[in-house]
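*Asks:* model this:
(chains A, B, C and D)
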4 protein chains.
Amino acid sequence: MGLKELRYAAKVELDKDPATLPYLHNRWHPDIPTCGTIKNNEVVKIECVDWTGGQIGNNDSADDVKNVDLTKVHYLTGPFEIETAEPGDVLVVEIQDVQPLQDQPWGFTGVFAKENGGGFLDEIYPEPAKAIWDFEGIFCSSRHIPGVRFAGLIHPGILGCAPSPEVLSIWNKREAELITSFSHLDRVVALAPQPINVHAGTADDALKAKIGQEGARTIPGRPEHGGNCDIKNLSRGSKVYLPVHVPGAKFSVGDLHFSQGDGEISFCGAIEMAGCITIKFSVMKNGMAELGMKSPIYIPGPVEPQFGPGRYIYFEGFSVDEHGKQHYLDATVAYRQTSLRCIEYLRRYGYSDYQIYLLLSCAPIQGHIGGIVDIPNACTTMGLPVDIFEFDIMPGACYISSVKFTSNGSPNVPGLSGTAAKNIALAP
Amino acid sequence: MGLKELRYAAKVELDKDPATLPYLHNRWHPDIPTCGTIKNNEVVKIECVDWTGGQIGNNDSADDVKNVDLTKVHYLTGPFEIETAEPGDVLVVEIQDVQPLQDQPWGFTGVFAKENGGGFLDEIYPEPAKAIWDFEGIFCSSRHIPGVRFAGLIHPGILGCAPSPEVLSIWNKREAELITSFSHLDRVVALAPQPINVHAGTADDALKAKIGQEGARTIPGRPEHGGNCDIKNLSRGSKVYLPVHVPGAKFSVGDLHFSQGDGEISFCGAIEMAGCITIKFSVMKNGMAELGMKSPIYIPGPVEPQFGPGRYIYFEGFSVDEHGKQHYLDATVAYRQTSLRCIEYLRRYGYSDYQIYLLLSCAPIQGHIGGIVDIPNACTTMGLPVDIFEFDIMPGACYISSVKFTSNGSPNVPGLSGTAAKNIALAP
Amino acid sequence: MGLKELRYAAKVELDKDPATLPYLHNRWHPDIPTCGTIKNNEVVKIECVDWTGGQIGNNDSADDVKNVDLTKVHYLTGPFEIETAEPGDVLVVEIQDVQPLQDQPWGFTGVFAKENGGGFLDEIYPEPAKAIWDFEGIFCSSRHIPGVRFAGLIHPGILGCAPSPEVLSIWNKREAELITSFSHLDRVVALAPQPINVHAGTADDALKAKIGQEGARTIPGRPEHGGNCDIKNLSRGSKVYLPVHVPGAKFSVGDLHFSQGDGEISFCGAIEMAGCITIKFSVMKNGMAELGMKSPIYIPGPVEPQFGPGRYIYFEGFSVDEHGKQHYLDATVAYRQTSLRCIEYLRRYGYSDYQIYLLLSCAPIQGHIGGIVDIPNACTTMGLPVDIFEFDIMPGACYISSVKFTSNGSPNVPGLSGTAAKNIALAP
Amino acid sequence: MGLKELRYAAKVELDKDPATLPYLHNRWHPDIPTCGTIKNNEVVKIECVDWTGGQIGNNDSADDVKNVDLTKVHYLTGPFEIETAEPGDVLVVEIQDVQPLQDQPWGFTGVFAKENGGGFLDEIYPEPAKAIWDFEGIFCSSRHIPGVRFAGLIHPGILGCAPSPEVLSIWNKREAELITSFSHLDRVVALAPQPINVHAGTADDALKAKIGQEGARTIPGRPEHGGNCDIKNLSRGSKVYLPVHVPGAKFSVGDLHFSQGDGEISFCGAIEMAGCITIKFSVMKNGMAELGMKSPIYIPGPVEPQFGPGRYIYFEGFSVDEHGKQHYLDATVAYRQTSLRCIEYLRRYGYSDYQIYLLLSCAPIQGHIGGIVDIPNACTTMGLPVDIFEFDIMPGACYISSVKFTSNGSPNVPGLSGTAAKNIALAP
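*Replies:* Down below sits the predicted model:
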């Protein structure tokens, strides 16, 4: 009766070396043993840990970033067999939630040294660097970049299904040709298979050696399966359509990001974290042909966050009138009181009540029914967009710089010249 | 071949008294003669003028508002016969555009005197008042309310189809009962039919007298047809579904607003203006039964404006690298340059380049392909959300108060204590 | 070094009767003993449980809603002493996160019986009813209301500081007068203090009796402190400014909602749940005078969710060209591939490649840099707004009804008449 | 008293050859004579015409696109002297409005032939093509791409200040080097100065010849001044910060677009149109140094349009209760009626009234005060997000495919199996 707690398809152990954990792997290969099975249409939680599971510490030195061993990354959780999935199908992955791990409320952003990984601007900025970010609910801030604080657009950097042997072979050939064509230059242009530090879950030594020889690195995203796409908007509520190349799909996920900018420009540029992703898996039979799919597509979530819209002050009003009289669930009285609260607030800037009354009538304020059932008080709200003012009316700001008090003690807005109250066209 | 200029179903003459114009009327009544015919699925432009057509002037006195004659308002444009519309149908009205008249780029907001119209807060604010607003493109500002400027959410205050005799009779009975029940109070609670200053388009004297006796005033919206709803979001791109009560629908529209807040609280509280509305009319046969419609519904437009989102600074970059070398349509080079422009901008606040590099990687910046075809330069943009900073980084703001220069000449952000550049975890 | 796990100021025990838990209370009164202390500027987690802590079960009968005992609700967590807060200050409450409890991923919405609580429409709908909602990440769905699924706008229904004795006395007088004035009617218009089922944390019997006699019920919000406001947008990231009336503020919170509509019309109409709220508390000294505050105000969060924006299909492209050649981090090649993916997708609707090429150029598509650092593949995305089409192009939809295959096997969109491909103006 | 009609700094004559109009030019050069003067802080209207002023016709053949003469484009309006602007300043350009010309409500999108201009995908799509778009208010549609209709995000493709001789010299050198380096390939990679079809406003023949030899083509945007950036979001309400390189700035603008996708991929891919742009010009003294500016930056407008958000149905309700009784400005009664309208609408899908009552309480509906002053009727609205349903509830859709009527005549939603009404948990 009713939903049980969601099943964990994998839980990570933060106190162990990721290279020893049977549900992780760090190469793409069709033969990596599955670490679990997920039903078609099942919702599960999957925990992920990567950089912060040992290589990178919560400290004030960038030495760990400087000396990072890129043959180890990324540790992905999986592969999972998705029941009924066959080559040619599409695996529909609905990202229902992503959260940092409770026990590790921090992440980091790094700049790799030019000679060990580099990044988008490494010709100009060759030194390694690191910033640690603390998570407080939806927000993050860093002691290494003071004065900045923002909400994360949390998302997985890597997710995809395993390549088939044919697909893997295309990858290896294609990238080898690129490496060859750039061999005269002093620049790493692609990461070839590398049998060092290979982790392939529960693979035995022979299989592991094979995977080391053939397995694709996790660094680039690739058109045939997606993988390391680092798309910042692939966040909570999104749906990704992934091509299936092997029986059971062999889905893996990792490289969770608390936030990232378009391009993830410093390479290790997202806020890398350990976390938990909640996914619903559905198989679309024969989906690759039906969707004519050569590369994954995705649909952003139904509640896409909008950065920067909190530019309103909301005033609350209740059905108690200005004489203190209680009215019964009267939204009209409540909305009148809400208007008065807003008028009182704006007086401080030198406006007369009539100016504000006019302004509230015509500016695009938001008037909402808050609560209409909690007897006896109706609660309404009025949202005042702060950007219609040429100075800052936010609660914090008014004490700092916007308002200067005149010699006679009345508040005064720069540019208003204390005459705002006289400007209104009142009948004589 | 191709669209001709859109047809004007009505053009107003600003130099004439609205009461003499044959395509205007100021009562709701089924017998008002139609002033034109519109085809099913036709798009037309309709001009409207009301308050600013004589009663209210662009001046600094509120005398005109004080002495306003409410028996004259609202002058609506129409009624128009919509071909094929029959009672029981629904008239689908798509608002394709609304604009102020070219020749009258201003409007006003008024507070009526308590004894002549009043408003939502008239017990507290009984005096008349007026503010004139100037329109500059999508923006408006007022010499009577300095320090404020905003974009209009432009919309019609009134639109609807004529009532049938039965519907009109219900209105008159219902509102008369309310007036009777409040007759012991000193408050106008509804406006009964009033045979003074009636305008009924081309109606002859006998018909005009009848309409004066029976015609519903335009002040309230009414559930059976919508009318004076003053819904601020019924803006450009919206679709309204209106019940049809008489043959040909007899559609009228007016009371255009450059902007309004939810509730239009001062009564004449929107920015009233003369303007032109572009509408597509479609008839949904038998729509009232099919939609189970007792009151109008509407669908907001596909490009709903969001107040307050301009909280980004966008940097532009081109495929000319930092050595001045021209690259051919190279979006990667362009995006690298865009990143550098942003780094240079943020240096002024005391951040080191590495701090900014890290920040641009992980904060939710927007990285867009601008132009990818104008040979030889690719243009990319990077949008930096300004609200992730705890101080104001907008171009104007940095000169006023946020940045204080330290004694050694380097810029310094309050709260950063000049140590920002030292905070980054750099490898030794 | 770095953030430790956030402190829990209170954790609930789901297996115990809320009436026995020392950190809960169900009345507003200045004398309720504090259950903990929180520092100025501290961030803490606070767990809450109310209805689902015993009264309402996860089952298919509405009997529990019918017989609900309203003298018991709401159990609030608190009161907490906020260090340094004094009467006249404002407590700034930043809601950093709200989540359902891990162990109880469900909630309910109820309609109370008219004779026991009622609701906004109880004259029309007097029967009790109940729907259980299951939570899957950010989404919820109900076996009792099939066909519906949405993301929650998660928020607390009640938060506020304790009233002073003076404030409490005003409340009791004001509401008593209302009850008296309605006493001739068969309707409960307000809930007077009620000494039954009083819970006052660790209060001894004498104090508990006093609180029962005087304590304000938690049902309505009240202008002097906020309280039960049920404002659906007071969600993650919002900041509320609350008046402080007693030393230490004595802050309480509860009535967590997974989602609610404006008005919460069925009274118990939100999706009531047990959960955990993360709050940062800051004291603004003398804030009530400085802000001229008579009722709380709030600032919505910096990432306000927008319902309904997921109306894009995003295509992914990589720097592997159409001949299979690998390019090095070439965003231009990647964006070209992304364009081709979109063209291939839209072909199925009967459009020619040139029609789509033209359309992608001029329609407001979103072209983003996805990942620009994962060597050797640049990843770009192109977002196609689906609502520019007059038929449904979403991946799921195209198989159901929009596309009908013609007799010769070519796809055909209703209304396009199979001639789309012929409509393009190609040079001869 | 009050704003006069905005001044036109330039009006185009559609019946004349652009090459003869003294206020147009088609090269960037410091010596092109100014065609007018604009004051610092002045707002003016500027009309622009380019392709549709002769080269491209509103017809069904792409021959004109195939044979387009690219030495003629783009005709820019200007240059204008901005008073007080000096080299080193920044010209702040606020785009207050952009509109198509009244007399030419159409535009076009073109694909150039590979051998004459080409485009982003010309290796795959070498043929020329053209689509004509008709403008209806904010919307556009094309007879050449049926089934598509959208709102334009209207903006200028080109705007900038004239280069100084030094800047021009850098451009010419840089691009010549690129042309040289690609000279072995059969591809035009940049457009060198070209003395054919040069138009330089009122320049005499000698000056015109010089400009033809030296003048930069208008095709690419360039980092030093912006120019042809084709940034689709530089729309109404945006502010651009432009470097000033010559005394008086010599500002020009043109290449207006009704809409464009990121990248403008088909080269002539925006909807090119003749139109009118309203701009406010302000000079920021010494702005280049103060902003550390190497390339322009811009701030998007305060009412950024959001494509796809019209996913609500709004119901209207008035203060006339279900017994037909008139209440006086009672928002509570109105909101109750609004709720009932919504319940009635949703019944058709097989839901019981109680299911809907519960749903409206907990889903994120928007409850707004519409009009609160039009006596005697309060008008409230309730916005129902349509995407919370798993089937299409839009007014048009319900007649087509979503609802199938059962044999007994009751409506029935696929997937609900007619049992929705039985699913509610009602008390026995």
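*Asks:* Helices along the stretch 151-300 of chain A, start to end?
*Replies:* A:165-181, A:205-214, A:287-290 (DSSP state H, counting those that start in this stretch).
*Asks:* If I take the second one and helix A:165-181, what angle do their directions form?
*Replies:* Right, the one you point to is helix A:205-214. 50 degrees (axes from the mean of the first three to the mean of the last three CA atoms, to 10 degrees).
*Asks:* What is helix A:205-214 packed up against?
*Replies:* Counting contacts by 3 or more CB pairs under 8 Å, 6 or more residues apart in numbering or on different chains; DSSP states H and E, helix A:205-214 packs against no other helix or strand. (Glycine included, C-beta is placed from N, CA and C.)
*Asks:* mind listing what's buried in it?
*Replies:* A:207, A:208, A:210, A:211, A:212, A:214 (16 or more other CB atoms under 10 Å in any protein chain shown).
*Asks:* Hmm, residue A:193 and the fifth one touching each other?
*Replies:* This means residue A:212. Yes: counting by CB atoms under 8 Å, residue A:212 touches residue A:193, with 7.0 Å between them.
*Asks:* what do those two both touch?
*Replies:* residue A:27 (CB atoms under 8 Å, 6 or more residues apart in numbering or on different chains).
*Asks:* distance between the ends of stretch A:109-124?
*Replies:* Length of stretch A:109-124, first residue to last, CA to CA, to the nearest Å: 18 Å.
*Asks:* quick one: contacts of that stretch?
*Replies:* For stretch A:109-124, using CB under 8 Å, 6+ apart, the contacting residues are A:56, A:62, A:65-68, A:70, A:125-131, A:133, A:188, A:263, A:265-272, B:322, B:335-336, B:339-340, B:353-354, B:357-359, B:361-362, B:427, C:372-373.
*Asks:* tell me how far that stretch is from the chain's mean position?
*Replies:* The gap between where stretch A:109-124 is centred and where its chain is centred comes out at 23 Å by CA atoms, centre = their mean, to the nearest Å.
*Asks:* In a strand, residue A:339, correct?
*Replies:* No: applying DSSP: H, G, I helix; E, B strand; the rest coil, one finds residue A:339 to be helix, outside a strand.
*Asks:* Residue A:85 against residue A:244, yeah?
*Replies:* Yes: Residue A:85 lies in contact with residue A:244 (CB under 8 Å); the separation is 5.0 Å.
*Asks:* Where does the record place the domain boundaries for chain A?
*Replies:* A:7-292, A:312-420 (automatic domain parsing).
*Asks:* Just give me the lowest mean pLDDT stretch among these.
*Replies:* Mean pLDDT values for the domains of chain A show the minimum at domain A:312-420, a mean of 67.
*Asks:* Would you mind putting the buried residues of helix A:205-214 into JSON lines with distance to residue A:121 alongside?
*Replies:* Listed next are the buried residues of helix A:205-214 as JSON lines, based on distance: CB to CB, whole Å:
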{"residue": "A:207", "distance to residue A:121": "40"}
{"residue": "A:208", "distance to residue A:121": "36"}
{"residue": "A:210", "distance to residue A:121": "38"}
{"residue": "A:211", "distance to residue A:121": "34"}
{"residue": "A:212", "distance to residue A:121": "32"}
{"residue": "A:214", "distance to residue A:121": "33"}
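*Asks:* which among those residues gets closest to chain D?
*Replies:* For these, the minimum distance to chain D (CB to the nearest CB) is 32.9 Å, reached by residue A:214.
*Asks:* Identify the contacts common to residue A:85 and residue A:244.
*Replies:* With CB under 8 Å, 6+ apart as the test, residue A:85 and residue A:244 both reach A:91, A:161, A:283.
*Asks:* Among the residues you listed, which one has the most neighbours?
*Replies:* Within these, most neighbours by other CB atoms under 10 Å in any protein chain shown means residue A:161, with 33 neighbours.
*Asks:* Excluding covalently adjacent residues, which one is nearest to that residue?
*Replies:* residue A:249 (4.6 Å; CB to CB, 6 or more residues apart in numbering or on different chains).
*Asks:* dump the residue contacts of that neighbour.
*Replies:* A:80, A:81, A:82, A:85, A:89, A:91, A:161, A:162, A:242, A:283.
*Asks:* Show the backbone phi and psi for residue A:187.
*Replies:* phi -150, psi 140 (degrees, to the nearest 10).
*Asks:* Next, count neighbours for it.
*Replies:* 12.
*Asks:* and the gap between it and residue A:98?
*Replies:* Plainly put, residue A:187 is 34 Å away from residue A:98 if you go by CB to CB, to the nearest Å.
*Asks:* The residue nearest to residue A:161 and chain D: what is the separation?
*Replies:* 25 Å (CB to the nearest CB, to the nearest Å).
*Asks:* Just confirm residue A:103 contacts residue A:276, I think it does.
*Replies:* No: look at residue A:103 against residue A:276 with CB under 8 Å: they stay out of range, at 10.9 Å.
*Asks:* Do you have the helices of the stretch 301-428 of chain A handy? List them.
*Replies:* A:331-347, A:353-362, A:420-423.
*Asks:* Identify whichever of the ones you listed lies nearest to chain D.
*Replies:* helix A:331-347 (3.8 Å).
*Asks:* what packs against that closest one?
*Replies:* Secondary elements touching helix A:331-347 (3+ CB pairs under 8 Å, 6+ apart): strand A:312-318, helix A:353-362, strand A:366-371, strand A:379-385, helix D:331-346.
*Asks:* C-alpha coordinates for that helix, CSV please?
*Replies:* The C-alpha trace of helix A:331-347 is given here as CSV (Å, rounded to 0.1, in the frame of the first residue of the first chain):
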residue,chain,number,x,y,z
ALA,A,331,-9.6,38.3,0.3
THR,A,332,-10.6,41.8,-0.6
VAL,A,333,-9.7,43.2,2.8
ALA,A,334,-6.5,41.2,2.8
TYR,A,335,-5.5,42.5,-0.6
ARG,A,336,-6.2,46.1,0.6
GLN,A,337,-3.9,45.5,3.6
THR,A,338,-1.3,44.0,1.4
SER,A,339,-1.4,47.2,-0.7
LEU,A,340,-0.9,49.3,2.4
ARG,A,341,2.1,47.3,3.5
CYS,A,342,3.7,48.0,0.2
ILE,A,343,2.9,51.7,0.4
GLU,A,344,4.4,51.9,3.8
TYR,A,345,7.6,50.3,2.6
LEU,A,346,8.1,52.6,-0.3
ARG,A,347,7.5,55.8,1.7
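*Asks:* Quick one: distance of that helix to the chain centre.
*Replies:* 37 Å.
*Asks:* and the angle from it to strand A:312-318?
*Replies:* Using the same axes, to 10 degrees: helix A:331-347 against strand A:312-318 is 130 degrees.
*Asks:* The closest residue in space to residue A:273 that isn't next to it in sequence: which element?
*Replies:* The shortest distance from residue A:273 to any residue other than its chain neighbours is 3.5 Å, reached at residue A:107 (CB to CB, 6+ apart). In this structure, residue A:107 sits in strand A:106-111 according to DSSP states H and E.
*Asks:* where does chain A come near chain D, residue by residue?
*Replies:* Contact residues (CB under 8 Å from any CB of the partner chain) of chain A with chain D: A:302, A:329-332, A:335, A:366-369, A:372, A:378, A:380, A:387.
*Asks:* related to what we said a few turns ago, okay, the shared contacts of residue A:85 and residue A:244 in JSON lines with distance to residue B:183 next?
*Replies:* As requested, the shared contacts of residue A:85 and residue A:244 are arranged in JSON lines below (distance: CB to CB, whole Å):
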{"residue": "A:91", "distance to residue B:183": "72"}
{"residue": "A:161", "distance to residue B:183": "77"}
{"residue": "A:283", "distance to residue B:183": "71"}
